[in-house]
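how does the following fold in three dimensions:
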Amino acid sequence: MLKLLCPTLSRFRMTVQIAMLFVTVYGSVFVGNYMADKISNALPALSCAYDQMNGGYCVLVPTQHIIHHRIGEAMVRAQQLTFQMVLPLLMTFVSFFAFFFVLGKMFCGWVCPLGTLQELIGKLGRRLGFGLRRFEKDDLGEVKRVRPVKWLLLLALVFVLPLATGLGVTPHSLGNPYCDICPSRVATTLLTGNTEQLALRLGDNVSFGLGAIANLLIGFMLVGAMAIRQPFCRICPLLAMNAVFQRLSPMRLAKKMHDNCGKCGICSEACPMDITEIAKEEGRKAYHEDCTLCGRCAEYCPQDGTIQIKWGPFALFSSRRDYYKSKVKGELPDGTVKPLKFVRNAARPTADPADA
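The predicted structure is shown next:
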């Protein structure tokens, strides 16, 4: 039955994504507010605490609050750093890792509601004939320049500014700066019919500025996702945080070299994060920090068993040439799909890239 409903890995992943979108955005409707609050306060995916109907919060929320209200304020009172301050933060990370251990970075590619929304918008853009804007693939290109941004956001907005606010160095409005600019806060609350997070706060210049940045980011994401695959995922600080722990989860991407690796480039073309290392490297180097374990590289690799999604020693999905040939009949590696009858898409290539 599952094979009939979800004949490809991509369709199965989208089914999971849609289901998790409802859980993370509307979860409390089904299990109640009390139970939803107990499911998790430290998910390894962007699930917004501002959404009053969601089914769990992302780990960035308690991290900022604990650093701000517990560690920072405790240090400014010159109190000894005790378990009363460290333990709550430790428990947040333990909860985060308990979830992360099971699926690893699949939380980004399969569960995160913001990632799902970007992918759906991208599919709409392909259907409407928007040209795909890819980042440059050369070693000094745009991908290399964008990758450090997520680390800077994680360091500055999730750790440094909340701590500085707790110490009294920066204004109280900077207590949880990442959440104040996170596009997930706006996008997922809008899906519940709540428009409050779109409003700009006029209480002080910092709050106003953060709100303006949030609106700019959600606008950039909604428009950019039409032509750029997963635009916000590339700079998401939670992707960086997940990358820190990716080697500690048994869920991983496994790649072994084939004679055609680095020549056809189909796997890197299929990657929504433009990871060229998947085509050129093997082993740990191929499993790049930007990988969200979406599985598209394995789906579009035309060589049997070259790329696998594994949990420990178990291969959950392996590349197969017959699967690849079946897949490209409906969707090319870059996401271009067969146009609907009422949409003209003259730019769609017809040759099989694997035969080049």
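
wait, residue 93 touches residue 44, no?
No. Counting by CB atoms under 8 Å, residue 93 does not reach residue 44; the two are 10.6 Å apart. Every C-beta, even on glycine, is put in place using the N, C-alpha and C of the backbone.

what do the two both touch?
By CB atoms under 8 Å, 6 or more residues apart in numbering, residue 93 and residue 44 have these common neighbours: residue 59.

neighbour count winner among the two?
The neighbour comparison of residue 93 against residue 44 (other CB atoms under 10 Å) goes to residue 44, with 31 against 17.

isn't the more buried one up against residue 100?
Yes. At 4.5 Å, residue 44 counts as touching residue 100 under the criterion of CB under 8 Å.

what's the closest non-adjacent residue to the most centrally placed residue in the chain?
Per CA atoms, centre = their mean, the C-alpha nearest to the average position across the chain is that of residue 108, at 3.7 Å. In space, and not counting its chain neighbours, residue 108 is closest to residue 292: 3.9 Å by CB to CB, 6 or more residues apart in numbering.

and the one you found, what pLDDT?
Turning to residue 292, the model gives it a pLDDT of 96.

ok, it - contacts?
Counting by CB under 8 Å, 6+ apart, residue 292 touches 105, 106, 108, 109, 115, 230, 233, 239, 272, 273.

and stretch 225-232, how far out from the chain middle?
The chain centre lies 12 Å from the centre of stretch 225-232; the measure is CA atoms, centre = their mean, to the nearest Å.

ok, the residue nearest to residue 337 when sequence neighbours are not counted to residue 300 distance?
In space, and not counting its chain neighbours, residue 337 is closest to residue 331: 4.8 Å by CB to CB, 6+ apart. From residue 331 over to residue 300 the distance is 9 Å, taken as CB to CB, to the nearest Å.

do the same with residue 291
In this view, residue 291 and residue 300 are 15 Å apart by CB to CB.

helix, strand, or coil at the residue lying closest to residue 236 once chain neighbours are set aside?
Sequence neighbours aside, residue 150 is the residue nearest to residue 236 in space, at 5.8 Å (criterion: CB to CB, 6+ apart). Using DSSP: H, G, I helix; E, B strand; the rest coil, the structure places residue 150 in helix.

pretty sure residue 150 is touching residue 234, no?
Yes. Between residue 150 and residue 234 there is a contact under CB under 8 Å: 7.1 Å.

can you give me the strands in the stretch 201-350 of the chain?
251-255, 307-311, 314-318 (DSSP state E, counting those that start in this stretch).

turn those strands into TSV, columns for mean neighbour count and distance to residue 52.
Formatted as TSV, the strands of the stretch 201-350 of the chain follow (neighbours: other CB atoms under 10 Å; distance: least, CB to CB, whole Å):
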stretch	mean neighbour count	distance to residue 52
strand 251-255	22	31
strand 307-311	19	34
strand 314-318	13	35
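
want to throw these into CSV with mean pLDDT?
Putting these into CSV (pLDDT from 0 to 100) gives the following:
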stretch, mean pLDDT
strand 251-255, 95
strand 307-311, 96
strand 314-318, 95
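
could you dump these to JSON lines with distance to residue 337?
Listed next are the strands of the stretch 201-350 of the chain as JSON lines, based on distance: least, CB to CB, whole Å:
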{"stretch": "strand 251-255", "distance to residue 337": "24"}
{"stretch": "strand 307-311", "distance to residue 337": "22"}
{"stretch": "strand 314-318", "distance to residue 337": "21"}
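
out of the ones you listed, the one nearest residue 283 is which?
Between residue 283 and these, the shortest gap by CB to CB is with strand 251-255, which sits at 6.7 Å.

what is the neighbour count of residue 167?
Residues near residue 167, counting by other CB under 10 Å, number 15.

scratch that, residue 228 is what I was asking about
Counted with other CB under 10 Å, residues neighbouring residue 228 total 22.

contacts only, for it.
Listed by CB under 8 Å, 6+ apart, the contact set of residue 228 reads 122, 132, 133.

go again using 7 Å as the cut-off
residue 133 (CB atoms under 7 Å, 6 or more residues apart in numbering).

overlap in contacts of residue 44 and residue 100?
Common neighbours of residue 44 and residue 100 are listed as 107, 242 (criterion: CB under 7 Å, 6+ apart).

any idea how this structure splits into domains?
Using automatic domain parsing, the domain parsing of the chain gives 14-239, 250-355.

element containing the residue lying closest to residue 39 once chain neighbours are set aside, please.
Spatial nearest neighbour of residue 39, chain neighbours left out: residue 56 (4.6 Å); criterion: CB to CB, 6+ apart. Secondary structure assignment for residue 56, by DSSP states H and E: no helix or strand.

residue 56 contacts residue 44, correct?
No. Using CB atoms under 7 Å, residue 56 makes no contact with residue 44, being 10.5 Å away.

quick one, what contacts residue 269?
333, 334.

re earlier: which phi and psi does the residue nearest to residue 108 have?
Phi and psi for residue 292, reported as degrees, to the nearest 10, are phi -110, psi 10.

quick one: which of the domains of the chain is nearest residue 7?
Among the domains of the chain, the nearest to residue 7 by CB to CB is domain 250-355 (8.3 Å).

give me the distance between the closest one and the centre of its chain.
With CA atoms, centre = their mean, you get 18 Å for domain 250-355.

change the start of the numbering to 503 and stick with it
Let's use 503 as the start, then, which means that last one is domain 752-857.

now for residue 596, how many residues are close by?
Residues near residue 596, counting by other CB under 10 Å, number 11.

what does the longest helix belonging to the chain contact?
Ranked by number of residues, the top helix in the chain under DSSP state H is helix 511-533. Outside helix 511-533, the residues that touch it by CB under 7 Å, 6+ apart are 508, 538, 549, 553, 555-558, 612-613, 615, 618, 690, 693-694, 796-798, 801, 819.
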